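Engineer: got a sequence here, can you model it:
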Amino acid sequence: MRRPRLVGGRRLAEIFGPRRPQALQEKMLRAHVRVEGRVQGVYYRAHARDKAMRLGVTGWVRNRRDGSVEAVLEGNEPAVRAMLEWCHRGSPRAVVTAVHVTWEPYTGEFDRFSVREDQA
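Structural biologist: Take a look at the predicted model:
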């Protein structure tokens with residue numbers, strides 16, 4: 001039986017986590033999004049929260065003073081891309097005219113997706 005390698009008295013798996021084949025490692029993304037159009041007063045944020053929770057995306061969404069909606073989305077690549085596709089459609093009563101996406105480094109700072117207070 002093979003003995004685990006130790007570094008400073010600790011197993012490598014304790015330091016670096018379990019080894020996973022490259023094909024199984026998920027690429028994690030973070031997108032900062034601004035959505036324009038008729039997106040306030042049409043339950044856009046509530047629907048965004050529900051969709052994000054179904055996809056396993058974390059982050060937040062809020063109304064902006066200029067009438068747009070802003071969101072930060074974090075999660076695995078397929079989930080974030082699916083959420084971005086949803087942002088182009090929005091809630092049933094929304095009329096989305098533009099979606100601006102800024103890619104940022106993934107931070108993992110969120111444990112859920114929330115609706116934030118409107119921008120002050």
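Engineer: for the rest of this, base every contact and every neighbour count on C-alpha atoms.
Structural biologist: Will do.
Engineer: shaky segments in this structure?
Structural biologist: For the chain, applying pLDDT under 70 flags the ranges 1-25, 120.
Engineer: now the strands for this protein?
Structural biologist: 6-7, 10-11, 28-38, 58-63, 69-76, 95-104, 113-115 (DSSP state E).
Engineer: for Lys51, which of the ones you listed is the nearest?
Structural biologist: Nearest of the strands of the chain to Lys51, taken as CA to CA: strand 113-115 at 9.7 Å.
Engineer: these two touch, right, Trp103 and His32?
Structural biologist: Yes - judged on CA atoms under 8 Å, Trp103 makes contact with His32 at a distance of 6.3 Å.
Engineer: who's more crowded, these two?
Structural biologist: His32 (17 against 12; other CA atoms under 10 Å).
Engineer: isn't that one right next to Ala71, touching?
Structural biologist: Yes - His32 lies in contact with Ala71 (CA under 8 Å); the separation is 5.9 Å.
Engineer: common neighbours of these two, please.
Structural biologist: By CA atoms under 8 Å, 6 or more residues apart in numbering, His32 and Ala71 have no common neighbours.
Engineer: returning to what we had before: between the strands of the chain, which one is nearest to Ala46?
Structural biologist: Per CA to CA, nearest to Ala46 of the strands of the chain: strand 113-115, 7.3 Å.
Engineer: got a list of contacts for that closest one?
Structural biologist: With CA under 8 Å, 6+ apart, strand 113-115 has contacts from Arg45, Ala46, Arg49, Ala52, Met53, Val57, Thr58, Gly59, Trp60, Val61, Arg62.
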